[in-house]
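Could you work out the structure for the sequence below:
(chains A and B, ligands or ions: 2)
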Amino acid sequence: MQINLTVNGKARASEVEDRTLLVYYLREQLGLTGAHVACDTSSCGACTVHVDGVAVKSCTLLAAQADGCQVTTIEGLASGNDLHPLQQGFKECHGLQCGFCTPGMIMTAADLLNTNPHPSETEIRVALEGNICRCTGYHNIVKAIQWAAEHQAVPA
Amino acid sequence: MSNKFIGQSIKRVEDKRFITGKGRYTDDIKLPGMLHAHFVRSPYAHARVVSIDTAEALAIPGVVAVYTGDDVAAINGVPCGWQVNFRNGETMREPKHPMLIATGDTAKHAGDPVAVVIAETKEIAIDAAEAVLVEWDELPAIASPADALKDGAPLVHSQFPDNKAFDWSFGNPVEEVDAAIEASAHVTTLEFVNQRVVPNAMEPRAYIGHYDAVADKYTLYTSTQNPHLIRLLMCAFVLGIPEHRVRVVGPDVGGGFGSKIYHYTEEALVTWASKQLELPVKWTSDRSEAFLLDAHGRDHVTKAEMGFDADGNIMGLRIKTIANMGAYLSTFAPAVPTYLHGTLLQGLYTTPKINIDMTCVFTHTVAVDAYRGAGRPEATYLLERIIELAAHEMGKDPAQLRFQNFIPPFDGVTQPGYQTQVALQYDSGNYAPVLQKGLDLLGYDDFRQAQKQAANSNKLLGVGFSTYVEACGIAPSAVVGALGARAGLYESAQVRVQPTGKVSVFTGSHSHGQGHETTFVQVVADKLGIAMEDVELVHGDSDTVAFGMGTYGSRSLAVGGSAIMKSIDKVLEKGAKIAAHKLECAEGDLEYGEGKWTVKGTDKSIGFGDVALTAYVPHVYPAGLEPGLDFSSFYDPANFTYPFGCHIAVVEVDKETGKVDLKRMIAVDDVGNIINPMIVEGQIHGGLAQGIGQALFEGTIYDENAQLTNGSYMDYVMPRADDLPMFETANQITPCPHNPLGVKGAGEAGAIGSTPAVVNAVLDALWSGGHNDVKDILMPLTSERVWRAMNN
Ligand code: FES
Ligand code: FES
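Ligands and ions are numbered 1, 2, ... in the order given. Here you go, the predicted structure:
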């Protein structure tokens, strides 16, 4: 089937199988391999992207369901050469080790900061409940998100 | 050598690609014409293959090939890299671990493969795999190591009628230990299980085999911790293909924790298939397969007895353990319960007599091998649980009982190393201050007050201690060779100074989250006195890196870093000859620092870059000296390194529900010198989370048919962000006396110390609430288990 959507600001018209999941469409057809697949039960969050501004596990959605939507992946988060504050925060605070969970963590955290610009530590931990990291023990991920909250551009 | 970067928390060089989604993991790689493999696997833990019918699968459009056991009969099984013999000298039993289970043979754990479908897309391969018809004859199976030894237990390998892989004893003669325990005023006995856990690196294993017929060369992309080791094992032992015609690349790898050390059948199979089909073949594990197939960790059943004299001094330690090997012997598996476990049972204590009796058994489960810490967490769990219980039984303070029994400090330089009763000689140690520092961070006296008050409330408070020592920097080749290793455990490094003075460093260590691209570069830049930007680190590709033994056993910096230091020494030595010639002085008159050679006491100098250029444009040049500035080295460590530390957990236990809330996790670690404190702290954090995970959340559950019933993230409980507190970490530094950087290794410490600290804390909470008879709770400490312990 044919889908029309916007991915990282770019209009796309693609032919997909009915059963193609959004994550495989992004990875295999568009070559956007930042969203990762780390489970088959929608439990790990490594595949998180934004669909119409909301964090979504892209392994739980058919590509067809994203028809007509605005999709943002980790590759589209920075504005040009300026990293998103969360990307900076993860680097500043050593919020990543192997990097495999990182795109999903950042996209989940970006959604959190959109709705709650100054979350408490508990709010951050609860928001990350659907994302697994095996490397960091989460400590520095929490700090990275706190860093980003402090350094994000104040919304006008 | 300058000290601009070493010791600084330099932000990681590698982060940029990961935070922008540009990491390049194996599954991200797409090669032209690439085919996809999917395996048909045994749904049973133990079953005979009666027949396989591939006709229907082969007829599906897009299916390129279906291979079964008959097609790969000529391929050897994956080998085991460590030999441990039976106590009576009999060779360990090493059953063949075949590529695919052939008709007439038996699958020996759920997930054992019988066929592989190769198709144009992954979806077609998956559909076609379902169309392969396998007739099975299901047989009885066992998962528990204790069950494996029972009379009449189903046999994993019919040729081994007792399910034993080998047995082993170690330490002082058992009669001496018996006598020491006999003579003790108090004996604490603890029977416990160190449960089986799943490493769960977030990136599932992925492989691409690519045979290039024109070049007659194979390339294997693999999510591995040690590309050269895979190449060696696959070429020499499995496929019998020439090593110089094989390139193995470990690109970005999403965590390993041990599970990606081993050579797995799928690696060899995609490589072999790509030759048959002359097209690249990719296989990516899904998470369900990962639970079934990636080597698991731990899985010991233990009885330990520790004897004390009337003053509380440890007199002896006697241990009987059964360790589960799974169905086949994985690459390092025999070493884990033996030489990485038995040799650590001295711990930090002066125990004069120690003996361990170990039986390693086969079961119908996937192989057990090294998982973060590998043997050392099991040893630490044993020691730290039993000493805590002993303190409780004897009415002593658990911290004081440890202080009393600690080995006195030794620096390994002016004082000799400490000779243990279990073969190892510790390099340097200073144990009491790490515990003291932990107690200070905790605020011990105040805590005990608060605990008393809490005892009457709904939430009990508990504190648990764990003081550990581990053996890292794996390992001196001659020593491990004598103990059965079939490989050397040195590391190699090449430092290539380019004509412009830029430096490429090639290391056999492999980074899959450890941050080598930063820490190794910090070391090289400081040692040469140049900018970090002028140094690049190359790793993970057998075509660019001459050789390597890879990353595990907290060895990268201690062993791999030392190899780099050796090459740098050679660069500076040759550079000095060139500099002396250019400056018309004797080499002995020169000193090196800040990136230049200076004639001592003058301002005459020549920079590193000028010397590099001269080495490649040798017009004015010392007679007889070869051009170029490029050196390789191998470093074989003189000893293991012995990091140590103290982990303290504080928990709250809900009396009504048994729910455990981890309030504080304190870790004081001494990992020797530290190159990048931020990265070391991150390593500790990650290890703590895994160790806490084992204590509170994780563990495999097998049913009576040896089926893993919790093989997904819905069922296997991984620690999540809201399960853990912020960690409180601190360091002490006791340098390693025998390697050039004085480093000991930090990768595994967190996972080694934390597990017993958490379990001890829960027991302490229960004891404070009057449940004095509780000696053990099975890990993971779920609410139900804790509640039952409080309510008998
Ligand atoms: S891959 Fe989507 S949640 Fe795990
Ligand atoms: S950084 Fe490796 S899984 Fe999170």
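
residue ranges with poor pLDDT in chain A?
Applying pLDDT under 70 to chain A flags residues A:154-156.

residue boundaries of the helices in it?
A:22-24, A:85-92, A:102-115, A:121-127, A:139-151 (DSSP state H).

Setting aside sequence neighbours, what's the nearest residue to the residue of chain B found nearest chain A?
Using Cβ to the nearest Cβ, the single residue of chain B nearest to chain A is residue B:21, 2.2 Å away. Placement of C-beta: from N, CA and C, glycine included. With sequence-adjacent residues excluded and distances taken as Cβ to Cβ, 6 or more residues apart in numbering or on different chains, residue B:21 is closest to residue A:34, at 2.2 Å.

Which residues of the stretch 451-600 of chain B lie near chain A?
Taking Cβ under 8 Å from any Cβ of the partner chain as the contact definition, the stretch 451-600 of chain B meets chain A at B:512-515.

among these, which are within reach of ligand 2?
Contacts with ligand 2 within these, counted by Cβ under 6 Å from any ligand atom: residue B:513.

follow-up on the earlier one: could you give the number of residues near the residue of chain B closest to chain A?
Neighbourhood size, residue B:21 [other Cβ atoms under 10 Å in any protein chain shown]: 25.

and residue B:91, how many neighbours does it have?
10.

same thing with residue B:113?
With other Cβ under 10 Å as criterion, residue B:113 counts 22.

Distance-wise, check it relative to ligand 2.
27 Å (Cβ to the nearest ligand atom, to the nearest Å).

I figured that residue was touching residue B:41, is that so?
Yes: look at residue B:113 against residue B:41 with Cβ atoms under 8 Å: they come within range, at 5.2 Å.

For the residue positioned nearest the centre of chain A, which non-adjacent residue is spatially closest?
The centre of chain A sits closest to residue A:107, judged by Cα atoms, centre = their mean, with a distance of 2.6 Å. Spatial nearest neighbour of residue A:107, excluding adjacent residues (Cβ to Cβ, 6+ apart): residue A:48 at 4.3 Å.

Quick check: bridge partners of the one you found?
According to DSSP bridges, the residues that bridge with residue A:48 are residue A:57.

any idea how far residue B:294 is from residue B:286?
Shown here: residue B:294 relative to residue B:286, a distance of 12 Å by Cβ to Cβ, to the nearest Å.

the more surrounded of these two?
Comparing residue B:294 with residue B:286 by neighbour count (other Cβ under 10 Å), the higher total belongs to residue B:294, at 29 against 16.

Tell me the spacing between that one and residue B:657.
From residue B:294 to residue B:657 the distance is 33 Å (Cβ to Cβ).

do the same with residue B:26
To residue B:657, residue B:26 is 44 Å away according to Cβ to Cβ.

next one: residue B:433
To residue B:657, residue B:433 is 39 Å away according to Cβ to Cβ.

How is chain B partitioned into domains?
Domain assignment for chain B by automatic domain parsing gives B:31-139+B:202-255+B:260-293, B:381-472+B:641-791, B:490-635.

Report whether the first one contacts chain A.
Yes: contact check for domain B:31-139+B:202-255+B:260-293 against chain A, using Cβ under 8 Å from any Cβ: residues in range are B:123, B:202-204, B:252-255, B:286-288.

Need phi/psi at the nearest residue to residue B:672 once chain neighbours are set aside.
Once flanking residues are discounted, residue B:672 sits nearest to residue B:744: 3.4 Å by Cβ to Cβ, 6+ apart. Main-chain torsions, residue B:744, degrees, to the nearest 10: phi -120, psi -20.

check contacts around the closest residue in space to residue B:236 that isn't next to it in sequence.
Of all residues not flanking residue B:236 in the chain, residue B:243 sits nearest, at 7.0 Å (Cβ to Cβ, 6+ apart). Contact analysis of residue B:243 by Cβ atoms under 8 Å, 6 or more residues apart in numbering or on different chains lists B:231-232, B:235-236.

What score does residue B:243 have for pLDDT?
Listed pLDDT for residue B:243 reads 95.

Please tell me how far it sits from residue B:346.
Separation of residue B:243 from residue B:346 (Cβ to Cβ): 40 Å.

ditto for residue A:55
50 Å.

Ok, residue B:638 next?
Computed as Cβ to Cβ, the residue B:638 to residue B:346 distance reads 20 Å.

more neighbours, those two?
When neighbours are counted by other Cβ under 10 Å, residue B:638 and residue B:346 differ, and residue B:346 comes out ahead with 23 against 14.

ok so that one is a helix residue?
No: Residue B:346: not assigned to a helix; according to DSSP: H, G, I helix; E, B strand; the rest coil it is coil.

ok, it touching residue B:354?
Yes: in this structure, residue B:346 is within contact of residue B:354 by Cβ under 8 Å, at 6.5 Å.

Next, show the common contact partners of the two.
Taking Cβ under 8 Å, 6+ apart as the contact rule, residue B:346 and residue B:354 both touch B:421-422.

Number of residues surrounding the residue of chain B found nearest ligand 2?
Of all residues in chain B, residue B:202 sits closest to ligand 2, at 3.8 Å by Cβ to the nearest ligand atom. As a burial measure, residue B:202 scores 27 neighbours (other Cβ under 10 Å).

In this structure it contacts residue A:102, no?
No: contact criterion Cβ under 8 Å: residue B:202 and residue A:102 do not qualify, at 9.6 Å.

for the residues of the stretch 451-600 of chain B next to chain A, which one is nearest residue B:473?
residue B:514 (14.1 Å; Cβ to Cβ).

contacting residues for that closest one?
When contacts are counted by Cβ under 8 Å, 6+ apart, residue B:514 touches A:97, B:551, B:556, B:679, B:683, B:747.

can you list the residues of chain A near ligand 1?
A:37-39, A:42-47, A:57, A:59.

For PyMOL, write the selection for the buried entries among those.
Those of the residues of chain A next to ligand 1 that count as buried under 16 or more other Cβ atoms under 10 Å in any protein chain shown are selected in PyMOL with:
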select buried, chain A and resi 37+38+39+43+44+45+46+47+57+59
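
From the residues of chain A next to ligand 1, pick the one nearest residue A:1.
Using Cβ to Cβ, residue A:59 comes nearest to residue A:1 of the residues of chain A next to ligand 1, at 19.1 Å.

For residue A:132, see how far away the closest one is.
The gap separating residue A:59 from residue A:132 is 13 Å, by Cβ to Cβ.

again, but for residue B:699
Distance from residue B:699 to residue A:132, by Cβ to Cβ: 17 Å.

circling back: please report which of the contacts of residue B:243 has the highest neighbour count.
Counting neighbours by other Cβ under 10 Å, residue B:231 leads the contacts of residue B:243 with 25 neighbours.

Surely that one forms part of a helix?
Yes: Residue B:231: assigned to a helix according to three-state DSSP.

What's the local residue count around the closest residue to it other than its chain neighbours?
Spatially, and ignoring its direct neighbours in sequence, residue B:231 is nearest to residue B:248 (4.2 Å; Cβ to Cβ, 6+ apart). Other residues within reach of residue B:248 by the criterion other Cβ under 10 Å amount to 26.

Cheers, nothing more for now.
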